[in-house]
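Asker: Okay, predicted coordinates and the sequence, questions at the end:
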There are 2 protein chains.
Amino acid sequence: MKKKHLRAVFIGFGNVAQRLAAMLTVERNSFPGLKDLQLETVGIFTRQRGALIDPAGIDLGRALEQFREDGSFPAAPVTVLQALQTLDYDVLVELSTLSIADKGEPAISHVRTALERGRHAVTANKGPAAFAYRELAELARKNKAQFLFESAVMDGTPIFSLGRSLQGLSVTGFSGIFNTTTNFVLSRLEAGESMEAAVRTAQRLGFAEADPSLDLEGWDAAAKTAILANVFLGADIDPLQVERRGIGDLAAEAASRVMAAGRRLKLICRAELENGKVRAQVGPEEVPMDHYFAAVSGKGAALRLETDMMGPLWIIQEEPGLSDTAAGVLQDLITVAADR
Amino acid sequence: MKKKHLRAVFIGFGNVAQRLAAMLTVERNSFPGLKDLQLETVGIFTRQRGALIDPAGIDLGRALEQFREDGSFPAAPVTVLQALQTLDYDVLVELSTLSIADKGEPAISHVRTALERGRHAVTANKGPAAFAYRELAELARKNKAQFLFESAVMDGTPIFSLGRSLQGLSVTGFSGIFNTTTNFVLSRLEAGESMEAAVRTAQRLGFAEADPSLDLEGWDAAAKTAILANVFLGADIDPLQVERRGIGDLAAEAASRVMAAGRRLKLICRAELENGKVRAQVGPEEVPMDHYFAAVSGKGAALRLETDMMGPLWIIQEEPGLSDTAAGVLQDLITVAADR
């Protein structure tokens, strides 16, 4: 296999991007699969902490050190969109975070701008595929570029890659557990803890954001459900079209009653084809103790795919960390590189 | 996508081949993913029930009917190896059954003969990849042909296809439950049934062969472990090199004691890299009730993959049937067709 040289622009330099940068530099020799991926970074943009631009190539390891020391890059001389329109790059690596309120923006505009120029777009942000999958996938096809987002659901667990390799099988529906925060909070409720205490514990352990409402109200799960419905079932929906019940108003008492009855309470995502139309939903469900869903604990996640030819297939992620998310971005980058 | 025309020779016309033939003919319209697969059958060979040969193309649907009515095809005018050396075909579809005593033969010779002529080989037989993976994979590479065996482990669950698409990830070890008969028998033992009664029940329900020793002694599991070790860990081992303990001499009482202690008894396959060497083993293990392995029941199967970049990934097959095995062969055929 020949070396694959890719010029990349990064948007976002938070936890995932920093993990990725470390895996590509100081940790690189630990990962034999990266030996053929030659990535040259020509720009790194953050929302509020400046930017680095160098058409001759940024030393990613040094940039990481500098950012960790200074807490920011120098002020950006151009806007992100200007950079995406003018810089010479092969792939956009979009690592900003989902905004439901802004319906996936500005990540959608970033991805669109890259694809319109025939540049590949790789993103861990759920926004583009949750709110604009059909448009962006068609744009990518038209411009012979790739639009990849392996890390948007179940981190680097290669579910979209698996989907691309399901030769001859048609997916007819799916269900799954995709949100860590609610999965963790539900297990604490089952154990008798109050909602407030469970959420505080989740925040202390790094499972939940300072504002946990996106998770507790089921928005994160709805975004992931929309993506999977769009990709696997050919739907054209966004998270607002997913029937959604969160767990915010669940009483601890109800959860421990479920547990006492030998069942578990889980936030289950579902979608299926009904008379050619896709119905997608998210909500708490009781599952029997010997069901795979019951065994999904902590940060785990699970996807159950139904197909036309076979019995249900499961893909389960046991105990993901930040590296799992970065690994999904790396898989996408290698897919892009292999395609050139 | 343009139509993919493939000329095929079948070896074996048992349950899987008949299921496959039905899916390709009378049931074809139920599977939209097959619309681009154009398969022309030029030969069907069985071990003891004759053969059909027609360079102009066999009507597969009519052959299936005829075989079901007559119980056999006409006597074969040539040997299988002669046919594989002389017929004009693109792909061998090898669906005979594993022989441990004959170390994977005659299936290995069939596959080798096809690959030596630069023809693709697709097989559901565990023998070739369990006893001769390295040789056959190299032969395929050298002759620009494909050697595929998706159905050899976990039926059509696309684990080898997933393996091919694990961009950049290196597998460092795996464990799994791959044998249906032992999984079923163990669950009956746990419920208090005797080994004899459990095996009889398995035979009555179609889980176990008339001679169940290949399963009970762990040979089927060892063959699958060898294949996975060869493919995912770069090993060059055969089933005889897998450390193997079966369940044949397990007392029912021991199994129900495990159950009473809140654990399950499962035949677990494992392999890992130890100092650059692969260690592979099969044997009964106790697993905690909240472990995914404990939830694998009936005909289910599970594979847990460890990789260098990510937490463990699981691929689980919930309730496979004969169509799942046929679906694996179809996936391989579509992979071959796409590659031409």
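Answerer: Okay, I see it.
Asker: Quick check: residue A:186 vs residue B:193, distance?
Answerer: 37 Å (CB to CB, to the nearest Å). The way it works is simple: take the backbone N, C-alpha and C, and place the C-beta from them, glycine included.
Asker: So those two - more neighbours on which side?
Answerer: When residue A:186 and residue B:193 are compared on other CB atoms under 10 Å in any protein chain shown, the one with more neighbours turns out to be residue A:186, at 23 against 18.
Asker: ok so the more buried one is a helix residue?
Answerer: Yes: counting by DSSP: H, G, I helix; E, B strand; the rest coil, residue A:186 is part of a helix.
Asker: beta partners for the nearest residue to it once chain neighbours are set aside?
Answerer: Closest residue to residue A:186 apart from its sequence neighbours, by CB to CB, 6 or more residues apart in numbering or on different chains: residue A:265 at 5.0 Å. Under DSSP bridges, the beta-bridge partners of residue A:265 are residue A:286.
Asker: and residue A:265, how many residues sit next to it?
Answerer: When neighbours are counted by other CB under 10 Å, residue A:265 comes out with 24.
Asker: can you tell me which residues contact it?
Answerer: A:186, A:189-190, A:250, A:254-255, A:258-259, A:284-287 (CB atoms under 8 Å, 6 or more residues apart in numbering or on different chains).
Asker: redo that, cut-off 7 Å
Answerer: A:186, A:190, A:255, A:258, A:284, A:286 (CB atoms under 7 Å, 6 or more residues apart in numbering or on different chains).
Asker: ok, those residues vs residue A:294, which is closest?
Answerer: Taking CB to CB as the measure, residue A:294 lies nearest residue A:286 of the contacts of residue A:265, at 9.7 Å.
Asker: now residue A:293: how far from residue A:286?
Answerer: 10 Å.
Asker: between the two, which one's more packed in?
Answerer: Ranked by neighbour count (other CB under 10 Å), residue A:293 and residue A:286 place residue A:293 first, with 22 against 18.
Asker: that's a strand at that one, yeah?
Answerer: No: going by three-state DSSP, the assignment for residue A:293 is helix, not a strand.
Asker: one step back: what is the nearest of the contacts of residue A:265 to residue A:68?
Answerer: residue A:186 (34.9 Å).
Asker: And that closest one, how close does it get to residue A:286?
Answerer: Distance from residue A:186 to residue A:286, by CB to CB: 11 Å.
Asker: same question, residue A:162
Answerer: In terms of CB to CB, residue A:162 sits 29 Å off from residue A:286.
Asker: And residue A:177, by the same measure?
Answerer: For residue A:177 relative to residue A:286 (CB to CB), the value is 13 Å.
Asker: Touching both of these two, which residues are there?
Answerer: With CB under 7 Å, 6+ apart, residue A:177 and residue A:286 have no common neighbours.
Asker: Can you name the residues of the stretch 201-340 of chain A sitting close to chain B?
Answerer: A:290-292, A:295, A:308-321, A:323-324, A:327, A:330-331, A:334-335 (CB under 7 Å from any CB of the partner chain).
Asker: try it again with 8 Å
Answerer: Counting by CB under 8 Å from any CB of the partner chain, the stretch 201-340 of chain A comes close to chain B at A:289-292, A:294-295, A:297, A:304, A:308-321, A:323-324, A:326-327, A:330-332, A:334-335, A:338.
Asker: mind checking pLDDT for residue A:1?
Answerer: Turning to residue A:1, the model gives it a pLDDT of 42.
Asker: all helices for the stretch 51-200 of chain A, in order.
Answerer: A:60-70, A:80-86, A:107-116, A:127-142, A:159-164, A:180-190, A:195-204 (DSSP state H, counting those that start in this stretch).
Asker: just the strands in chain A please.
Answerer: A:4-11, A:37-45, A:51-58, A:91-94, A:120-123, A:147-148, A:171-177, A:243-244, A:263-274, A:277-288, A:301-307, A:313-317 (DSSP state E).
Asker: Kindly reformat the ones you listed as TSV containing distance to residue A:66.
Answerer: Putting the strands of chain A into TSV (distance: least, CB to CB, whole Å) gives the following:
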stretch	distance to residue A:66
strand A:4-11	14
strand A:37-45	10
strand A:51-58	8
strand A:91-94	18
strand A:120-123	24
strand A:147-148	28
strand A:171-177	39
strand A:243-244	42
strand A:263-274	40
strand A:277-288	41
strand A:301-307	34
strand A:313-317	33
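Asker: As a markdown table, those with mean pLDDT and distance to residue B:234 would be great.
Answerer: As requested, the strands of chain A are exported to a markdown table (pLDDT from 0 to 100; distance: least, CB to CB, whole Å):
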| stretch | mean pLDDT | distance to residue B:234 |
| --- | --- | --- |
| strand A:4-11 | 91 | 22 |
| strand A:37-45 | 96 | 20 |
| strand A:51-58 | 97 | 34 |
| strand A:91-94 | 98 | 30 |
| strand A:120-123 | 98 | 28 |
| strand A:147-148 | 98 | 27 |
| strand A:171-177 | 97 | 32 |
| strand A:243-244 | 98 | 46 |
| strand A:263-274 | 95 | 37 |
| strand A:277-288 | 96 | 39 |
| strand A:301-307 | 97 | 28 |
| strand A:313-317 | 97 | 24 |
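Asker: Pull out the buried positions in stretch A:9-21.
Answerer: A:9-13, A:16-21 (16 or more other CB atoms under 10 Å in any protein chain shown).
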